[in-house]
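Trainee: Predicted model, plus sequence, below.
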Amino acid sequence: MTAPVITVYTDGAARGNPGPGGFGVVLLSGQFRKELSGGFAMTTNNRMELMAVIVGLEALKIEHSKVTVYSDSRYVVDAVEKRWLDSWVKKNFKDKKNPDLWMRFLRVYQRHDVRFVWVRGHAEIPENERCDQLAVAASFAPNLPADIGYVQSNTPNC
């Protein structure tokens, strides 16, 4: 079976940064389209940008899919494409933010053939704009759960 070719658009948002946040994902493959979103009560924009990519990749059902991820997050795109993430892993994420999400990302990233493309945010790219709408709407959802990774990493040791 030939691995599918999938296009993933992602975006994240946080109101207040930190504050309530959300992520949005649009998955495209042939005639198929799927939208995903979710939010958290207290998080950051970078966490939601990364969460969007993770959720998009986790939604893929066939291993070794050829995936192009379009993101307006320099944080995510540059970390992978410029191979910063490799050195972060070697240093066990010492002094780096969001190690919980980066480790989750690596588990799913390694299951596919993924490349990243940075796109300018709010540049009238329809799918990127849709992801932004999904992310912002998710940040306003009632009864948002805690972003446990964010809460734990920012709780002072007692």
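Mentor: That came through, no problem. Numbers count the residues shown, from 1 in each chain.

Trainee: Please count neighbours and contacts with C-alpha atoms only from this point.
Mentor: OK.

Trainee: Surely Phe105 and Glu49 touch.
Mentor: No - the criterion here is C-alpha atoms under 8 Å, and Phe105 misses it with Glu49 at 11.6 Å.

Trainee: Compare neighbour counts for the two and give me the winner.
Mentor: Legend: neighbour count by other C-alpha atoms under 10 Å for Phe105 and Glu49, higher for Glu49 (28 against 18).

Trainee: Run a quick neighbour tally on the closest residue to the more buried one other than its chain neighbours.
Mentor: Distances taken as C-alpha to C-alpha, 6 or more residues apart in numbering put Gly12 closest to Glu49, at 4.1 Å, once the chain neighbours are dropped. The tally of other residues near Gly12 (other C-alpha under 10 Å) stands at 33.

Trainee: What of Ile125?
Mentor: 11.

Trainee: heads up, I number from 814, so please use that
Mentor: In the new count, where the first residue is 814, that last one comes out as Ile938.

Trainee: any idea how far it lies from Asp945?
Mentor: 11 Å (C-alpha to C-alpha, to the nearest Å).

Trainee: in this structure, which spans are helices?
Mentor: 858-871, 887-894, 897-903, 912-922, 939-952, 961-966 (DSSP state H).

Trainee: For the last one, list every residue counted as buried.
Mentor: I take that to be helix 961-966. Residues of helix 961-966 classed as buried by neighbour count (16 or more other C-alpha atoms under 10 Å): Tyr963.

Trainee: so what secondary structure elements neighbour it?
Mentor: strand 845-856 (3 or more C-alpha pairs under 8 Å, 6 or more residues apart in numbering; DSSP states H and E).
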